[in-house]
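> Got a sequence here, can you model it:
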Amino acid sequence: MSEVVILSGSPSENSRTDLVLQYAGEKLKHEGLSVSYVSVRNIPFDDIFNLRFDSPSLKELTLLIQGAEGVIVGSPVYKAAYTGVLKALLDLLPQDVLAQKAVLPIMTGGSPAHLLAIEFSLKPLLAALKGQSQQGVYFQECQIDKTQVANPIIDDNVLARLKKELYYFSETVNKKKGFALKN
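Below you'll find the model as predicted:
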């Protein structure tokens with residue numbers, strides 16, 4: 001089982017959101033955490049569209065998340081909120097799938113006008129699934145360079161915020177992991 005699951009809500013194959021999430025995953029691996037990456041694109045469309053709660057892919061995702069100590073959920077901003085496909089996927093998971101999990105929300109958008117999408121859309125959704133959300137990080141598209149895979153974040157301030165949130169996230173995951181080992 002992975003200690004951290006990264007869930008991308010981006011329906012695009014070549015997205016800035018995925019680049020940021022992959023960067024975050026690499027940073028956490030360097031901290032000694034095991035990381036699994038799942039994209040909404042990895043779940044069969046028919047399972048989501050036809051509400052197949054019992055599909056093997058959804059059961060596998062549920063077990064993966066339930067076995068983790070922390071979850072990072074990322075999404076581009078679509079119409080001032082997370083993507084519809086992310087919402088549809090999360091609707092198919094158990095309503096307490098994030099219980100006792102440290103959760104780090106990450107969003108990307110085209111302008112600073114969508115900065116509060118984390119607070120007013122993604123965090124309430126994660127709370128409804130019983131997740132314990134951190135502050136989260138919002139990225140403007142202009143702060144991410146798609147040609148830089150190793151470190152796509154070109155704005156020093158937002159990079160520092162991400163590193164700080166990842167530090168707090170890894171500390172929380174390690175504490176939960178230590179607690180789980182003692183019990």
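
> Give me the spatial nearest neighbour of residue 85, chain neighbours excluded.
The shortest distance from residue 85 to any non-neighbouring residue, by Cβ to Cβ, 6 or more residues apart in numbering, is to residue 40 (4.8 Å). All C-beta atoms are positioned from the backbone trio N, CA, C, and that covers glycine.

> Spit out the contact partners of the one you found.
7, 8, 9, 10, 11, 48, 83, 85, 86, 89 (Cβ atoms under 8 Å, 6 or more residues apart in numbering).

> Only the buried residues of the helix or strand residue 164 falls within, if you could.
For residue 164, the host element (DSSP states H and E) is helix 156-182. Using 16 or more other Cβ atoms under 10 Å as the test for burial, helix 156-182 gives 158, 159, 161, 162, 165, 166, 169, 170, 172, 173, 174, 176.

> The last one reaches residue 68, doesn't it?
No: at 9.4 Å, residue 176 and residue 68 do not qualify as touching, with contact defined as Cβ atoms under 8 Å.

> mind checking which helix or strand of the chain has the lowest mean pLDDT?
Lowest on mean pLDDT, DSSP states H and E among the helices and strands of the chain sits helix 156-182, with a mean of 88.

> In terms of secondary structure, what does that helix contact?
helix 16-30, strand 70-76, strand 102-109, strand 137-140 (3 or more Cβ pairs under 8 Å, 6 or more residues apart in numbering; DSSP states H and E).

> among the ones you listed, which is the most enclosed?
strand 70-76 (a mean of 28; mean count of other Cβ atoms under 10 Å).

> Pull out the CA atoms of the following helix or strand past that strand and give them to me as PDB.
Next helix or strand after strand 70-76 toward the C-terminus (DSSP H and E): helix 84-91. Backbone C-alpha positions of helix 84-91 (Å, rounded to 0.1, in the frame of the first residue of the first chain) are rendered in PDB as follows:
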ATOM      1  CA  GLY A  84     -17.000  17.600 -13.500                       C
ATOM      2  CA  VAL A  85     -15.200  14.200 -14.100                       C
ATOM      3  CA  LEU A  86     -13.400  14.500 -10.700                       C
ATOM      4  CA  LYS A  87     -16.800  15.200  -9.000                       C
ATOM      5  CA  ALA A  88     -18.400  12.300 -10.800                       C
ATOM      6  CA  LEU A  89     -15.600  10.000  -9.800                       C
ATOM      7  CA  LEU A  90     -15.600  11.100  -6.100                       C
ATOM      8  CA  ASP A  91     -19.400  10.700  -6.100                       C
END
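
> Quick one: residues in contact with helix 84-91.
Under the contact criterion Cβ under 8 Å, 6+ apart, helix 84-91 has outside partners 7, 9, 11, 40, 43, 48-49, 61, 73, 75, 78, 97, 125, 129.
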